Structures are given as structure tokens and as C-alpha cells.
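**Q** Give me a 3D structure for the following:
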Amino acid sequence: MTSLLPIRGRPELFWWHVGWLAAVGVGARLLLFPGSGATRLDVAALVVGAIPAIYGLIAMQAKKGVDRALAVAVWSVGGAAACLLTGGVVGPLAAWCLAPMAAAAALGGTTLLAFGASASVVAIGVCALSAPLLGLEPTKASAAYWLGLVALSTTAAGLGIGLVAIQRSSADIDRRRDMSEARLRALLADQPHLLVWIEAGRQVTGVYGHAPRGVSPDALIDRALAQIATPADRHVVEDALRKALADGEAEVAFVPAADPDGLLVAAIRRVGEQRLVAAIRDGAPERAREAALIAARDEADAQNAGKSRFLANMSHELRTPLNAIMGFSDIMRTRLFGPLPERYGEYAELIHESGTHLMELINDVLDMSKIEAERFELSLEEFDARDAVSAVLRLMRGQADRAEVQLRGVLPREPLEVKADRRALKQIALNLISNALKFTPKAGAVTVTLEAVDGALELVVADTGVGIAPEDLQRIGRPYEQAGDLQQRSVGTGLGLSLVRSFAELHGGQMSIESSLGEGTSVTVRMPVLVSASA
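**A** Residues are numbered from 1 along each chain as shown. As a prediction, the model looks like this:
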């Protein structure tokens with residue numbers, strides 16, 4: 001109601017104000033003729049009645065425009081004052097009490113018109129009540145004629161301009177509505193999918209947009225949506241329509257009857273009790289992308305399987321000559337056929353140690369290749385888990401002593417009968433202890449704990465080593481991923497923890513790692529392999 005109205009584009013307002021002032025001027029001139037019987041109050045009333053028009057002209061010349069509510073209020077005060085000065089509601093200027101409503105109609109706006117009507121009622125009430133109290137009487141007959149003529153002409157002009165403004169506003173509203181409707185229709189016609197309006201859950205009543213291949217928009221009108229599908233897919237479309245009515249939305253893919261090699265996808269949404277809207281798009285590109293992704297996945301799987309087979313074959317081929325090397329070096333270092341020079345004996349020891357290390361790496365690669373190729377088979381048997389872990393502790397004791405690291409085992413006194421792969425359990429313990437010793441400095445400690453927890457076998461290897469960085473924790477446990485510096489990484493292949501994880505998962509268990517830099521690492525392997533008695 002208080003928005004500003006600029007003068008530009010509203011010349012009728014300007015001329016109404018000018019006409020009002022002209023009518024007031026003519027009336028004042030007539031009252032000044034001798035014998036008119038006019039009084040000073042009559043002239044003062046015309047002057048007061050001119051103030052709202054003067055305000056309107058001044059305000060419209062301002063850049064910010066006219067405050068419409070303030071303008072109506074000024075007209076109300078001016079009209080009421082002029083009416084009072086000429087005798088109130090029975091005086092000749094009583095019509096000016098309608099000036100606020102005329103001004104509101106001219107300025108435009110439904111809310112403003114209601115405000116102007118209220119201001120006119122207030123002006124009439126003030127005049128009716130105040131004139132008797134102030135002792136004001138109607139003007140003389142000759143003056144009343146001219147004053148009444150001015151009041152009627154100016155008020156009628158204001159109401160006429162108001163009616164023109166209302167008609168123009170209505171025309172503007174209709175024009176804007178038509179423009180908005182045209183833009184909406186153009187938008188619907190240009191959007192990339194085909195929008196379909198569906199009444200009563202089945203019949204198509206409207207079609208907008210670009211039709212994909214295999215759909216004729218004209219053939220859809222007044223037909224069931226399912227008719228555009230092949231007979232084999234029509235029940236699928238009907239089911240989707242029922243689901244959309246029940247759940248609010250559904251999506252269905254079907255083959256169009258006009259294009260058996262194509263594919264359409266319809267996203268359906270409920271917009272009324274029995275009204276649906278469906279967006280139909282061409283699904284062939286999506287099917288092509290899906291087929292390409294499947295082909296790429298199959299190719300990657302084939303390449304991965306080929307890599308695993310290659311590594312398995314290479315590992316097998318490497319083990320044969322390596323066994324001969326280790327066997328001959330073992331004969332030489334044990335002096336089976338007689339003494340050797342000291343230097344040759346030292347070389348034999350180095351050859352045997354290097355061969356043993358290489359054999360361990362080859363075995364890791366072979367096991368991982370079998371696991372990735374899904375060809376690794378567990379050899380399950382019942383045995384005491386303490387025996388397997390104790391054997392690994394004895395084997396690693398020498399390495400721990402050479403590294404000056406304390407290796408401790410915490411095993412239960414009672415047997416821990418498990419049904420598992422003995423070699424896999426030994427490999428789990430061996431890899432975890434070997435990793436712990438590799439990353440634990442001198443005077444550190446590695447503790448191996450074996451126990452039954454919640455019906456599962458739990459093996460924990462904790463060290464006081466350098467720890468693992470948070471970014472490395474996200475990587476280790478995957479094949480060929482390593483942590484630590486270059487010197488530490490050069491010791492292995494990055495298969496230790498990945499083999500531990502894989503062996504644990506093959507037994508239905510899992511591996512978890514907790515570590516902090518500078519505080520050490522704890523690796524926990526839990527497998528549900530306990531037999532009933534041990535559990």
C-alpha cells in the first residue's frame with residue numbers, strides 16, 4: 001500500500017491534478033464577483049481543497065515518485081477541511097469527502113482503494129460530527145451553486161480517471177497472464193523430455209516437449225500410456241502407473257512398439273488424486289553406457305585374472321630352480337662332502353639366507369595370486385592353535401634377538417582347539433610378527449596374545465615401534481601397499497598384511513589395525529574357528 005508510484009507512464013494523474021487546480025481557480029474567481037455572496041470561509045475552503053493537488057504535482061516531480069498512501073491521506077484531510085469550512089455534509093463541498101476514494105482509484109491498487117474508501121468514510125464522519133459543534137452553517141445560495149459545481153466536477157473527474165486506471169490495471173494483469181502462459185507453454189514445448197499428463201491413472205490428456213524415438217505425440221492423446229509399449233511390456237507400464245498412484249512416484253523402462261530396438265524410460269509422479277504426470281526420455285544412451293561399463297568391468301576382471309594366473313605360473317617356475325639353489329647351498333654350508341674354505345662357507349650361508357628370503361616372497365606372491373584368482377582352498381583340520389603360534393614364536397626368536405627386540409608370547413594354559421588351515425594360521429602369525437619386528441627399534445617389545453573372545457579365536461600382535469601415519473592406515477592391507485620409509489619398504493613386497501586380511505576373511509573373520517605415530521601398532525585378527533569344547 002505504501003509503494004511509490006512514479007510519474008512516468010501515468011500522464012492522466014498529472015492532468016487530473018492540473019484540472020483540479022484549474023477547477024478550484026475558476027471557482028475562486030467566480031466567488032470574487034460582486035454579489036456572489038461568498039465569504040472568506042468559502043475562499044479558504046477552495047484554497048484548502050487545492051493543497052492535495054499541489055502536493056500531488058510536487059511529489060510526482062520527485063525522482064522517487066509518489067507515496068500513494070500519504071497522497072490519499074492528504075486528500076482526506078484536504079477534503080474534510082474544505083467540507084467543514086462550507087457547512088459540513090450539508091454544505092456545497094460535501095462531495096469533496098469522496099476525494100480520498102477518487103484519489104485511491106486513480107492511483108491504483110485494490111488495497112489502496114479500500115484504504116481510500118475508509119478515508120472517505122472518516123472524512124464524512126468528521127464533517128458530520130464537527131460542523132454542528134463548531135457552529136458552522138452552509139454557505140449562501142449563490143456561492144453554494146458554484147462551490148457545488150466545482151466539487152461535483154472535480155470528484156467526478158477523479159472517479160472517472162480511477163475507473164480508467166482500474167481497467168488499465170485489469171488489462172495489464174490479463175496481458176501479463178497471457179505472457180506468462182505463453183512463456184510456460186514455450187518452456188514445456190522446448191524441454192528435452194516428453195511430458196505426458198495422465199487422467200484417471202491411464203488416459204493421456206496432454207503432451208508437451210520433444211518426443212523420443214519410437215513415440216508419436218499425436219497418437220498418445222486420448223489413449224492409454226501403456227499402448228506405446230510392446231505387448232510384452234504393457235503390463236510393466238500398467239504396474240508402474242498403479243505404483244505411482246499408490247506411492248506417489250515410480251520409474252519404468254520399456255521397449256516402444258514403434259521401435260523394437262529402442263528403450264524408453266518413464267519417470268511418473270502423482271500430482272492429483274487420479275492425475276499423473278510422466279517424463280519420458282530415450283533410454284538407449286543409458287543402456288549403451290551401462291553396457292560399456294559392464295564390458296569395461298569384464299575386461300578389467302579378465303586382465304586381473306590373467307595377471308594372477310601369470311604370477312602364479314611365474315612363481316611356480318621360480319620355485320623349482322630356487323629349491324635347487326637352496327638345496328645345494330645347504331649342502332655346502334653344512335660341509336656334507338667335506339670342509340670348505342672359510343670364505344666359501346660364508347658365501348654358502350649368504351646364498352642360503354637370500355634363497356630363503358626369496359622363497360618367502362615367492363610364496364607370498366603365489367598365495368595372493370591364488371586368492372585373487374579365487375583358487376585358494378583352505379585345508380581345514382582340528383588342532384591346538386597354541387602349537388601353531390608357539391612354533392612361529394620359536395622361529396622368529398632368532399630374528400628378534402638379532403634386532404635386539406623383546407618378543408613375548410601370552411598364550412592360555414588350556415588348549416585352544418580350532419578347525420582351520422594350520423599353514424594359514426602360521427602364515428598370519430609369521431607375517432604379523434615379522435612386520436612388528438621390522439618396524440620396532442632396538443630395546444622395543446613385541447607382544448603376541450592368543451585367546452578366545454566371545455566364541456572366536458583372537459590373535460593380537462602389538463609392538464612399541466614407530467607406528468603408522470593416518471594416511472598410510474587407509475592404504476595398508478591392500479596388495480602391494482607398504483608403509484614406512486624407503487629402507488623399510490625395500491625389505492618386503494607389501495603383501496604381508498594383505499595376506500593376513502585375506503586369510504582371516506577366508507576363515508570368516510576380519511583384521512583390524514590400531515596405530516599412532518611414535519606409540520606403536522596393534523593388529524587384531526579375529527576368526528570364528530573355535531570348536532565347541534574350546535568355545
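
**Q** mind listing what the nearest residue to residue 404 once chain neighbours are set aside touches?
**A** Nearest residue to residue 404, sequence neighbours excluded (CB to CB, 6 or more residues apart in numbering): residue 442, at 4.3 Å. To be clear about C-beta, it is placed using only N, CA and C from the backbone, and glycine gets the same treatment. Contacts for residue 442 were tallied using CB atoms under 8 Å, 6 or more residues apart in numbering; they are 403, 404, 405.

**Q** Tabulate those (CSV), appending neighbour count.
**A** Formatted as CSV, those follow (neighbours: other CB atoms under 10 Å):
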residue, neighbour count
403, 17
404, 11
405, 22
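
**Q** Looking at those residues, which has the smallest pLDDT value?
**A** Within these, residue 403 has the lowest pLDDT, namely 88.

**Q** can you count the residues close to the closest residue to that residue other than its chain neighbours?
**A** Nearest non-adjacent residue to residue 403, counting by CB to CB, 6+ apart: residue 437, 5.5 Å away. Around residue 437 there are 20 other residues, counting by other CB atoms under 10 Å.

**Q** What of residue 210?
**A** Using other CB under 10 Å, residue 210 has 16 neighbouring residues.

**Q** Poorly predicted segments of the stretch 51-200 of the chain, please.
**A** Counting by pLDDT under 70, the stretch 51-200 of the chain shows low-confidence ranges at 62-66, 88-91, 108-111, 113, 128, 131-172, 188-189.

**Q** can you pull out the helices in it?
**A** In the stretch 51-200 of the chain, the segments counted as helices under DSSP state H, counting those that start in this stretch are 68-85, 99-107, 110-134, 141-190.

**Q** SS state for the residue nearest to residue 404?
**A** What DSSP: H, G, I helix; E, B strand; the rest coil gives for residue 442 is coil.

**Q** I'd like to know how far it sits from residue 247.
**A** To residue 247, residue 442 is 68 Å away according to CB to CB, to the nearest Å.

**Q** swap in residue 303?
**A** Residue 303 sits 43 Å away from residue 247, going by CB to CB.

**Q** How about residue 176?
**A** Distance from residue 176 to residue 247, counting by CB to CB: 38 Å.

**Q** same check, this time on residue 117
**A** Remark: distance between residue 117 and residue 247 (CB to CB) = 52 Å.

**Q** higher neighbour count, those two?
**A** Remark: of residue 117 and residue 247, residue 117 carries more neighbours, 16 against 9, as counted by other CB under 10 Å.

**Q** If I follow the layout properly, that one ends up in contact with residue 103?
**A** No - between residue 117 and residue 103 there is no contact under CB atoms under 8 Å: 11.1 Å.

**Q** Could you pull out the strands in the stretch 351-500 of the chain for me?
**A** With DSSP state E, counting those that start in this stretch as the criterion, the stretch 351-500 of the chain has strands at 380-384, 406-410, 417-421, 445-453, 456-463.

**Q** for the stretch 201-350 of the chain, same thing?
**A** Listed in chain order, the strands of the stretch 201-350 of the chain (DSSP E, counting those that start in this stretch) span 203-209, 249-254, 264-270, 275-282.

**Q** List the buried residues in the first one.
**A** Translated: strand 203-209. Going by neighbour count (16 or more other CB atoms under 10 Å), the buried part of strand 203-209 is 204, 207, 208, 209.

**Q** Turn the residues you listed into JSON lines, columns for pLDDT.
**A** Output for the buried residues of strand 203-209, formatted as JSON lines (pLDDT from 0 to 100):
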{"residue": "204", "pLDDT": "83"}
{"residue": "207", "pLDDT": "81"}
{"residue": "208", "pLDDT": "78"}
{"residue": "209", "pLDDT": "78"}
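
**Q** Find the pair from the residues you listed with maximum spatial separation.
**A** Within the buried residues of strand 203-209, two members stand farthest from each other by CB to CB: 204 and 209, at 13.2 Å.

**Q** Backbone dihedrals for residue 519, please?
**A** The phi/psi pair for residue 519 (degrees, to the nearest 10) reads phi -120, psi -10.

**Q** And it, how far from residue 501?
**A** 23 Å.

**Q** same question, residue 301
**A** 20 Å.

**Q** May I have stretch 232-252 as PDB, with CA atoms only?
**A** Coordinates of each C-alpha in stretch 232-252 appear next as PDB, following Å, rounded to 0.1, in the frame of the first residue of the first chain:
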ATOM      1  CA  ALA A 232       5.200 -57.800 -23.700                       C
ATOM      2  CA  ASP A 233       6.000 -54.600 -21.700                       C
ATOM      3  CA  ARG A 234       2.500 -53.200 -21.300                       C
ATOM      4  CA  HIS A 235       1.800 -54.900 -18.000                       C
ATOM      5  CA  VAL A 236       5.100 -53.400 -16.700                       C
ATOM      6  CA  VAL A 237       3.900 -49.800 -17.600                       C
ATOM      7  CA  GLU A 238       0.400 -50.500 -16.000                       C
ATOM      8  CA  ASP A 239       2.100 -51.700 -12.800                       C
ATOM      9  CA  ALA A 240       4.200 -48.600 -12.700                       C
ATOM     10  CA  LEU A 241       1.100 -46.400 -13.100                       C
ATOM     11  CA  ARG A 242      -0.600 -48.200 -10.300                       C
ATOM     12  CA  LYS A 243       2.500 -47.900  -8.100                       C
ATOM     13  CA  ALA A 244       2.700 -44.100  -8.800                       C
ATOM     14  CA  LEU A 245      -1.000 -43.700  -7.800                       C
ATOM     15  CA  ALA A 246      -0.300 -45.600  -4.600                       C
ATOM     16  CA  ASP A 247       3.200 -44.400  -3.600                       C
ATOM     17  CA  GLY A 248       3.400 -41.100  -5.300                       C
ATOM     18  CA  GLU A 249       6.100 -41.900  -7.800                       C
ATOM     19  CA  ALA A 250       7.500 -44.700  -9.900                       C
ATOM     20  CA  GLU A 251      10.000 -45.300 -12.800                       C
ATOM     21  CA  VAL A 252       9.800 -47.900 -15.500                       C
END
